[in-house]
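K.L.:
show me the folded form of this:
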Amino acid sequence: MKEFFLDDNDALNRFLQGVERRAFRMAQLATGDEDESLDIVQDSMFVFVRSYGARPEAEWSPLFYRTLQSRITDWHRRTTVRKRWRFWFGNDDDASAVDPIQLVPDTAGRDPAGTLLGNEATAAIESALRGLPLRQRQAFLLRAWEGLNVEETAAAMGCSGGSVKTHYSRAVHALRGMLGEYAR
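P.N.:
Below you'll find the predicted structure:
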């Protein structure tokens, strides 16, 4: 494995800092769980640095998102297996537990009506994105949110450019239909 020079570490750290929030948001939309999303992003970053950190900086973005999408797919597979077992053996999770941070009032002085409208739009977008099939969601987030081109998205998703175009087009049409009043 290549030894990193200080400049390489700085560039790698800047890259990871630049993608961490968007990667977390992508994982959160895929899982619906903040803790799981943090674990997925952290694991993706470790694997990325270990496996691809020595690659040229121009290749990092598609490689990182491919790693992230692989971890999200793995999480979905594990969750499906867990659900099967929980169905047969019961569920001991305490789903009714309330996060105490959610009970703290907002002291930023935001306008309640504006916040409500923003929250409704955000919830509608999140719900619509969760309603998309996994591959459509991946294509949409990588193309629209991350700004990757077709080739980079194809590399990140492990498919052809034509598949990316198809998944993205279907996602856009589905989102327009689901979002209705929010789509412009």
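K.L.:
number of nearby residues for residue 177?
P.N.:
Neighbourhood size, residue 177 [other CB atoms under 10 Å]: 10. Backbone N, C-alpha and C define where each C-beta goes, glycine included.
K.L.:
gap between it and residue 170?
P.N.:
11 Å (CB to CB, to the nearest Å).
K.L.:
the most centrally placed residue in the chain: what secondary structure?
P.N.:
By CA atoms, centre = their mean, the chain has its centre lying nearest to residue 26, at 1.4 Å. Classification of residue 26 by DSSP: H, G, I helix; E, B strand; the rest coil places it in helix.
K.L.:
now it: closest residue in space, sequence neighbours ignored.
P.N.:
residue 141 (5.1 Å; CB to CB, 6 or more residues apart in numbering).
K.L.:
count of residues packed around residue 171?
P.N.:
Residue 171 has 23 nearby residues by other CB under 10 Å.
K.L.:
what sits up against the helix or strand hosting it?
P.N.:
Secondary structure assignment for residue 171, by DSSP states H and E: helix 161-179. Here helix 161-179 makes contact (CB atoms under 8 Å, 6 or more residues apart in numbering) with 124-125, 127-129, 131-132, 135-140, 143-144, 150-151, 153-154, 157, 183.
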